[in-house]
Every structure is written in structure tokens, then in C-alpha cells.
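*Asks:* Here is the input, now give the coordinates:
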Amino acid sequence: MKAAFTICTNNYLAQARILFSSIQEFAKDYTCYLFLVDELHPEIDYEDFPGIEFILAKTLPIEFSSLVKKYDIVELNTCIKASAFKHLFNEKGAEIVHYFDPDIELFDEITHLDIHFEQASILLTPHIITPIPWQDGSPNENLFLNHGLYNLGYLGLTKKGDYMKLLDWWENRTLNMGYNRTRHGLFVDQLWINYVPLFFPGSTKILFDQGCNMGPWNLHERSLSHKDNKFLVNNSVSLKFYHFSSYKYNQHEISGNYRYTFASNPDVKPLYDLYQEKMIASGVKLYSGKKWAYEQKKPFFSKFLKKKK
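*Replies:* From the prediction side, this is the model:
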């Protein structure tokens, strides 16, 4: 069995609906799972997501109640990623598993990813693969020294090689140290993955295909064009999947976190126009206002620091 999954809270269900719609179009032989880091909401009809199996994060064999007490919403969503992979391999019998952030959309067949499993069991996508011309604003290359060389909006694993050694090591780190504290060398699940090509060199494949995980941090090296009903990156390779990170449909701009805008990069605006239409059609006005069930009470990070002293 082959699986594709995402992790989110109720307020990201519109984005997840778009993701899974694209997976069901371009990866028809994949089973879809959504790990919900939230409680079931009485105003949401979860059966209105055909072909998607919902799994409550609190049912995973981890100390979920303790995680809720120490992590914020981003930390909690990211810290269970390794545990979700293990669940799909061990409990669902998956042989291949692809993780996608909920704000990703596929635009091409997923076979372009699976073919790499002939030589590797771990697939990574770098944030950038060429230098960024230095200028004011973000991103510059130092951003990824704090947030990771690889973007964990995507990770592909298959059941061979070092896949379980990776998951055991990574799960231990994220469940115990999955904080967003870059000044202490911590950035949720992502910064740890810098070590993967070093710790598991024979199992790791770094994808340099610029059509994979295109997003608002690598627009200095990637541009879009449209031909024969397909998006092309740099007029040469097909767009495999785009990461609409930090996009807000009611502001309709590339991202509030990065210096790129529709004025500076007009080639991506048609893609975002389509995504905005899909978000509205997918119920973003309904879902985005849903309050997280586990609102933060008090982070434990200060206690961790005191113990280390």
C-alpha cells in the first residue's frame, strides 16, 4: 500500500481539501490520511472529505497530553510528523509514504517521486539550490541556517534501508526538543533534518528538480510559465508541486514573510489566483475561523533551560 498524508488543525481544512484533491488526481493509487491535531468540531462535517481517513493525533502512541502542555500550535503540528510516518508504516501497512504540508498542491503525477525509491529510501527537497542575490528583506541565505537547509513541507520515505532508524531518531528529537527557538539552535522538526544526509548517506536522495516544492523562498531561482495546460518552471521542467506557505486568501499576496510580491514576480500570480478561488470554494471562510482546541496555557521551554543550567 502507498500512502500520502498531511497534518493540520481544523482551521487548515480548506487547504488540506485542495491538497488531497490534487493527490487524488495525480496519485490515484495512493491512500490519503489526515492527522488532525485538534478535536472534532461539531460544526464540521468530516464525511465531506471523500477518500480521506482522519486520524486524531491524540490517538497516536505518544504522550500527547504532555506535548499539548509544552508546545504551541506550530510545534505540536510538526512534532508528531515522525510518529505519523511510523503509524502508517506499522499500523496501516504502507510501503511508500509521502508527507505534504496542507498548503501544498500537486500539479503532476507522483511517479516522478516514486522512481527515486529505486536507489534511496529518504527523499528531501532543499529550500534553495542556488545563491540568493543579497538584498534587504527576507529571504537571504542566513534564513536557512536558522530554519533548515531542507523544507519539511515535503518528505518521502519507503520501507527499506534506514527509514526506521531515521524515524526513531527524529521522533525522539521532535517529541522532546521540537521547539521553535532558533536562538538555541531549535526549529521544530525541520532543523534536525540537516543531519540526515550525514547520518544516513546511503539512504538519502536530495531532489534538485526545481519543479519540486517550489515556494515563496526560492522565487529568486524559479519562474513560472504556462503551456499546454501545464505550468513550467524556468521554461524547462514541469511544476510538480507548489508550496503556498503563509498565503492568506483575504490579502491575496505571495506571502507576508518574504520580500517577493506579485509586482516583483508577476509570473506566479496566475497560480495564486487559481489557488485563491479553490480556497474559497473549499470552505476557507468556514474553517479558518475555527479555534484550536488546545490553546496554549504555559510553555515549558524556560524550565528546560533551567534544567540544562
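*Asks:* Could you use CA atoms for every contact and neighbour count after this?
*Replies:* Fine.
*Asks:* what's the distance between Ala14 and Ile122?
*Replies:* Counting by Cα to Cα, to the nearest Å, the gap from Ala14 to Ile122 is 29 Å.
*Asks:* Who has more neighbours out of those two?
*Replies:* Ranked by neighbour count (other Cα atoms under 10 Å), Ala14 and Ile122 place Ile122 first, with 26 against 22.
*Asks:* OK, contacts around that one?
*Replies:* Counting by Cα atoms under 8 Å, 6 or more residues apart in numbering, Ile122 makes contact with 155-158, 163, 203-205.
*Asks:* redo that, cut-off 7 Å
*Replies:* 156-158, 163, 203-205 (Cα atoms under 7 Å, 6 or more residues apart in numbering).
*Asks:* In its sheet, which strands sit next to the helix or strand containing Phe54, and in what direction?
*Replies:* Element membership for Phe54 (DSSP states H and E) is strand 52-56. Take DSSP bridges as the rule and strand 52-56 pairs in its sheet with strand 30-36 (parallel).
*Asks:* quick one: average pLDDT of the partner strand?
*Replies:* If you average the pLDDT over strand 30-36, you get 98.
*Asks:* same question, stretch 150-168
*Replies:* 97.
*Asks:* Show me which residues of it are buried.
*Replies:* For stretch 150-168, the neighbour count (16 or more other Cα atoms under 10 Å) marks 150-159, 161-164, 166-167 as buried.
*Asks:* and what of stretch 258-271?
*Replies:* For stretch 258-271, burial by neighbour count (16+ other Cα under 10 Å) applies to 259-261, 268-269, 271.
*Asks:* from the chain's centre, how far out does that stretch sit?
*Replies:* Centroid separation for stretch 258-271 versus its chain: 21 Å, with Cα atoms, centre = their mean, to the nearest Å.
*Asks:* again, but for stretch 202-213
*Replies:* Its chain's average C-alpha position is 15 Å from that of stretch 202-213, according to Cα atoms, centre = their mean.
*Asks:* Name the surrounding residues that touch that stretch.
*Replies:* Counting by Cα under 7 Å, 6+ apart, residues outside stretch 202-213 touching it are 120-125, 161-162, 197, 233, 237-243.
*Asks:* Only the buried residues of that stretch, if you could.
*Replies:* By neighbour count, with 16+ other Cα under 10 Å as the criterion, the buried positions of stretch 202-213 are 203-205, 207, 209-213.
*Asks:* Run through the protein and note the low-pLDDT ranges.
*Replies:* Scanning the chain for pLDDT under 70 picks out the ranges 296-309.
*Asks:* What segments of it are helices?
*Replies:* Using DSSP state H, the helices found in the chain span residues 13-26, 64-70, 73-79, 81-90, 111-114, 142-147, 163-177, 196-199, 269-281, 284-287, 301-308.
*Asks:* now the angle from the fourth one to helix 163-177?
*Replies:* Looking back up the chat, that one is helix 81-90. On the basis of axes from the mean of the first three to the mean of the last three Cα atoms, to 10 degrees, helix 81-90 is oriented at 140 degrees to helix 163-177.
*Asks:* coming back round to it: just the buried residues of stretch 258-271 now: which is nearest Glu63?
*Replies:* Among the buried residues of stretch 258-271, Arg259 lies closest to Glu63 (Cα to Cα), at 39.2 Å.
*Asks:* Report the contact partners of that closest one.
*Replies:* 137-138.
*Asks:* one more time with 8 Å, if that's ok
*Replies:* With contact set as Cα under 8 Å, 6+ apart, Arg259 has these partners: 137-139.
*Asks:* Now Ile129. Nearest residue, chain neighbours left out?
*Replies:* Distance criterion Cα to Cα, 6 or more residues apart in numbering; nearest residue to Ile129, sequence neighbours excluded, is Phe208 at 7.1 Å.
*Asks:* Against Leu198, how distant is that neighbour?
*Replies:* Taken as Cα to Cα, the span from Phe208 to Leu198 is 18 Å.
*Asks:* And Gly93, by the same measure?
*Replies:* 28 Å.
*Asks:* Looking at the two, which has the bigger crowd around it?
*Replies:* Shown here are Gly93 and Leu198; by other Cα under 10 Å, Gly93 has more neighbours (14 against 10).
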